[in-house]
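Participant: Just to be clear, the model below is a prediction. Sequence and coordinates:
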Amino acid sequence: MKYLVADFIHFLRVEKGLSNNTITSYNRDLRAYTHYLQTKENLDSLEDVSRSVVMKFLAHLKDSGKSSKTIARHISSIRSFHQFLLREKQIDHDPTVHIDMPKQEKTLPKVLNLDEVEALLSAPNKGDAFALRDKAMLEVLYATGLRVSELIGLDAGDVHTMLGFVRCIGKGNKERIVPLGSKAKEALEEYLEKGRHRLIKNKNRTEALFLNHHGNRLTRQGFWKILKQIASSVGIEKTITPHTLRHSFATHLLENGADLRAVQEMLGHADISTTQIYTHVSKARLKDVYKQFHPRA
């Protein structure tokens, strides 16, 4: 089974051109799936997998406490895998046919208010190389709405402070250009002028924009750790993730009258329905404002 999974992962990487993060997710899901088939169902061949076996695996995920969103992702991975095997004539049937996606819990994204954003972005103020880096990262993230993987994937040549934009590679290796605000430009220029060269180690000749204390490209985990430390230092009690600033970016734009299509373009969403969740956030805020200020609310 592991060789068939490896063939599928190779197909996703070479022919579909999916991002490393997406491929890692597929690989993790399918390793869990095939491990279950071999250890719990005693199956040696994917030809022997039936619909009922797939359903038992999904029940196993649910019993393990997995969310409906995670289970839906597993179904998508398994379905794509079996369809690939069917096309390659490795199996003669697809056991995932007529398996429905679980209903998703509709949760609105967590966002920061303007005071919280201001506190967060103002926190790195020591003036050393790490503080300059942290301030530049936070300013860019809030100014552009980049995903954290896109942020840490930036090279120094991807930012054009004079023209005021950043070039990034998003999901599916799609390139997009996103404007930079004046505050983000200032923070980036200061980091590039006074900070980045102090983080580069002699042995490294890296193009990465944001570097860790080893002089290597900062990782997603490294950024998340920095973000949580800064949020805690300014007393933000909300659960905050790198995506919180992306959510805040989109919500604040729409609340101030931005066009939904423009926000979709800046976020790099393939489908505008994905962007529309932020209109629900804005409506929720309107209700809060109404309750707070209307005398008979």
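Facilitator: Ah, there it is.
Participant: What does the pLDDT read for L43?
Facilitator: L43 carries a pLDDT value of 93.
Participant: show me what contacts the residue nearest to L43 when sequence neighbours are not counted?
Facilitator: Using Cβ to Cβ, 6 or more residues apart in numbering and skipping the chain neighbours, the partner closest in space to L43 is L37 (4.6 Å). For every residue, glycine as well, the C-beta is placed using N, CA and C. Counting by Cβ atoms under 8 Å, 6 or more residues apart in numbering, L37 makes contact with 1, 43, 46, 49, 53, 57.
Participant: Give me the phi and psi for A270.
Facilitator: phi -70, psi -30 (degrees, to the nearest 10).
Participant: What's the local residue count around it?
Facilitator: Burial measure for A270: 11 neighbouring residues, criterion other Cβ atoms under 10 Å.
Participant: can you check F293 too?
Facilitator: Neighbours around F293, by other Cβ under 10 Å: 8.
Participant: From T279, how far out is it?
Facilitator: Using Cβ to Cβ, to the nearest Å, F293 is found at 21 Å from T279.
Participant: Next: K171.
Facilitator: Distance from K171 to T279, by Cβ to Cβ: 22 Å.
Participant: And for S67?
Facilitator: Taken as Cβ to Cβ, the span from S67 to T279 is 24 Å.
Participant: I99 too?
Facilitator: From I99 to T279 the distance is 31 Å (Cβ to Cβ).
Participant: what stretches of this structure score poorly on pLDDT?
Facilitator: Within the chain, the stretches with pLDDT under 70 are 104-108, 203-204, 280-286, 289-290, 294, 296-297.
Participant: Next one: L211 from K291, what distance?
Facilitator: 46 Å.
Participant: The two: who's more crowded?
Facilitator: Neighbours around L211 and K291, counted as other Cβ under 10 Å, are more numerous at L211. The numbers are 25 against 9.
Participant: I figured that one hits R217, correct?
Facilitator: Yes. The pair L211 and R217 passes the contact test of Cβ atoms under 8 Å, sitting 6.7 Å apart.
Participant: Tell me which stretches of the stretch 51-200 of the chain form helices.
Facilitator: 51-63, 68-87, 114-122, 129-144, 148-152, 182-190, 196-199 (DSSP state H, counting those that start in this stretch).
Participant: Show me the contact partners of the longest one.
Facilitator: For helix 68-87, contacts defined as Cβ under 8 Å, 6+ apart pick out 4-5, 8, 11, 25-26, 29-30, 32-33, 46, 49, 54, 57-58, 61-62, 66, 91-96, 99, 101-105.
Participant: Of all the residues in that helix, which ones are buried?
Facilitator: 71-75, 77-82, 84-85 (16 or more other Cβ atoms under 10 Å).
Participant: Many thanks, we can stop here.
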